[in-house]
Every structure is written in structure tokens, then in C-alpha cells.
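Q: quick one: sequence and predicted model below, then my questions.
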Amino acid sequence: MAKQYTSHLLMVRPACFQFNVETAASNLFQNQIENLSKEEIKQKAVAEFDAYVNKLQEHLINVTVIQDTKEPAKPDAIFPNNWISMHDDGTIYIYPMCTPNRRLEVRPEIIDDLRKKFKIQNIVDLTFYTKQNIYLEGTGSILFDHLNKIAYACLSPRTNQDLFEQLCIKLGYQAFSFSAYNEQDVLIYHTNVMLTIGDKFAVICLESIKNELERNTIKQQLEQTGHEIIDINFEQMNAFAGNMLQVENEDGKTYLVMSETSYDSLNIQQIKQINKHTSILSVEIPTIEQIGGGSARCMLAEIYLAVK
């Protein structure tokens, strides 16, 4: 039976985490920290990453950690969810990334390491689409509702509608695409910063969906599929309150993983709504968030593959 969450996660330990100039044009969540040297940024990111992994493992959540390589430099390797998704039928999808230095994150040895522990039946490589300037960035671009076989995507330079719809046909999912904007009326670069889908709840920044019909349709669809709506505002979205992931531990207990920044932005009512459905697990990753423009969810690639 399909599950909305998994108990196995892939994380990539950074070797050269930095402000990524190539991605900054479309990711307005990225910010420089002027008073830190490159070496200090690297050290802080590694420390935050290790503490994150430790916290997950303390809560009996299985994490497969792969060490990134120093050469070639991959400043965003810490966010593997953008280039890979792993499904319960044994299929791995490899996605076409928008910027050249993020395409370097796709390394065969990562797949080889996964193959040692998990059953991989098939690999579908979509990276050739980059030659046509067509991009779709994994579970950054796509939010899967596995229980109801619906996939959501907010369109942007990094999320191509045609490729998204083709993928959904292949997976047997209903495709739902829409446009979401920040306060400056710029398209939001990834769906997973404004939408989180749990088994019985959805965290969503409804005010980012300017088109009233699209906004009402997505709200209605989430409610009709049994999700309690937890509506966040722009300020909370900018604090990464949309960038969360529900996971399961070895004992079958579920957690909503988020950053401390995200947690601190939530109000008492929203926390109560979440706690009705799952426990909250928050991690401190301020350097990674500020410089990388991604948060707790971006760092987790879900492994739905069967264990060997």
C-alpha cells in the first residue's frame, strides 16, 4: 500500500558548500553572509549538517549519508532532492537541473552506494532535456500526494509544465500545475518552499497563488483528499515554513521535519494543527538556509525503494 512518508532518507554531506551565484538569479531565498569567510561558511554548514543527521538518527529515522567530493565544486550538493526521486516500484528518476554546476551533483557512485542497500529495478534519466533548456528539479519542483496519486507543481524557469505532465502520465499520477509568486510578483522557484503535503494535512502559502481560480481549486482538491489546510503567510514562507517533510521512524512514529527558523515563524494555532497529525522535529540550519536558499526539506531525498 502507498505511503505518504518514508523511513529512509538520503542526505549528501557537503564538501564545498557556498553561495551559488548560478542559482541566485531565480532563488530569491539566497543571501550572502558578508562577515564569514568561505572556510567558515563551509565549516558551519558541515557542523549544521552533522547535527541534523544526528538528530534524525536519535529519533530512529534511517539516514544514508553520502560524502560529497571536493572536485568539481558543487555548492548545492547538500540539496539532493532536486536531482533524484526514488519510488516504491524500484524506479529512480534523475532530473534535468537548470544550472550547470547543479548538474554535476548527479554522480553514478551515489546510485552504486544506494544499490548496496536498496532494490533498484530501473533508472529513468531525464537529464538529456537540459540540451533543450527544459528543466524539472525533482521534489523541489514536484510535490507528490502518494496516497491519492496527485502531483502538484508551481511553474517557474526550473519547472517545465510539459515535462511535469509527461512524468505524471508515466507515474500514473494526476498532474496539477499552477503559478505562485512572492511579494515582489516574481515566480517562486520551487514548489516545496510554499507547499508541504503530509498524510492528513497540507502546509501551504495560499496568498502566493494570485489566480483566484487556481487558489480555490488547489485548496478544494487538498481538502477533498482529506488534508487539513495549514495556511502560512509570505513572512512565514520566507522563513521556510513551507519547506517541511513528514517522515517515519523505525517504530512507525511520524515527524514533520522542519528548521528552527520555520518553527519559530509558526503561530500557536498552526503548531496545534500540526500536532494533531504528527510530531514536530526541528533542526538548526541557519547558515545553510541563508546562503543556500533551501531548508530542512531540500536536504532530504526520500527513499521509497525496498530494502535488500
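A: In hand now; what should we look at? Residues are numbered from 1 along each chain as shown.

Q: could you report the distance from Leu305 to Ile61?
A: 16 Å (C-beta to C-beta, to the nearest Å). All C-beta atoms are positioned from the backbone trio N, CA, C, and that covers glycine.

Q: buried set for the one helix or strand Val65 maps to?
A: Assigned by DSSP states H and E, Val65 belongs to strand 62-67. Across strand 62-67, burial judged by 16 or more other C-beta atoms under 10 Å covers Asn62, Val63, Thr64, Ile66.

Q: other residues contacting that strand?
A: 7-13, 15, 53, 56-57, 110, 113-114, 117, 250, 303 (C-beta atoms under 8 Å, 6 or more residues apart in numbering).

Q: looking at those residues, which are in helices?
A: Among the contacts of strand 62-67, DSSP state H puts Val53, Leu56, Gln57, Ile110, Asp113, Leu114, Lys117 in helices.

Q: which two among those are spaced furthest apart?
A: Gln57 and Ile110 (19.7 Å; C-beta to C-beta).

Q: neighbour count: these two, which is higher?
A: Higher neighbour count among Gln57 and Ile110: Ile110, with 20 against 13, using other C-beta atoms under 10 Å.

Q: for the closest residue to the more buried one other than its chain neighbours, list each beta-bridge partner.
A: Among residues not flanking Ile110 along the chain, Ile66 sits closest, at 5.3 Å (C-beta to C-beta, 6 or more residues apart in numbering). Counting by DSSP bridges, Ile66 forms beta bridges with Val12.

Q: same for the host helix or strand of Ala47, what does it pack against?
A: In the assignment (DSSP H and E), Ala47 maps to helix 38-58. With contacts defined as 3 or more C-beta pairs under 8 Å, 6 or more residues apart in numbering; DSSP states H and E, the packing partners of helix 38-58 are strand 8-13, strand 62-67, strand 279-283, helix 286-292.

Q: how about those, which one is nearest Asn182?
A: helix 286-292 (16.1 Å).

Q: before we move on, back to that, mind giving me the packing neighbours of the helix or strand following the strand holding Val65?
A: Using DSSP H and E, the next helix or strand after strand 62-67 towards the C-terminus is strand 84-86. When contacts are defined as 3+ C-beta pairs under 8 Å, 6+ apart, strand 84-86 packs onto strand 91-94, helix 138-141, strand 301-302.

Q: try 7 Å
A: strand 91-94, helix 138-141 (3 or more C-beta pairs under 7 Å, 6 or more residues apart in numbering; DSSP states H and E).

Q: please identify the deepest-packed of these.
A: helix 138-141 (a mean of 26; mean count of other C-beta atoms under 10 Å).

Q: average pLDDT for the strand holding Val65?
A: Averaging pLDDT along strand 62-67 gives 97.

Q: could you do stretch 223-236 as well?
A: 98.

Q: how close does Arg158 sit to Asn249?
A: Distance of Arg158 to Asn249, computed by C-beta to C-beta: 32 Å.

Q: neighbour count: those two, which is higher?
A: Neighbours were counted for Arg158 and for Asn249 using other C-beta under 10 Å; Arg158 has more, 24 against 18.

Q: format the helices and strands packed on strand 84-86 as CSV; extra columns: distance to Glu223.
A: Below are these laid out as CSV (distance: least, C-beta to C-beta, whole Å):
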stretch, distance to Glu223
strand 91-94, 29
helix 138-141, 22
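
Q: got CSV for the ones you listed, with mean pLDDT too?
A: As requested, these are arranged in CSV below (pLDDT from 0 to 100):
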stretch, mean pLDDT
strand 91-94, 98
helix 138-141, 97
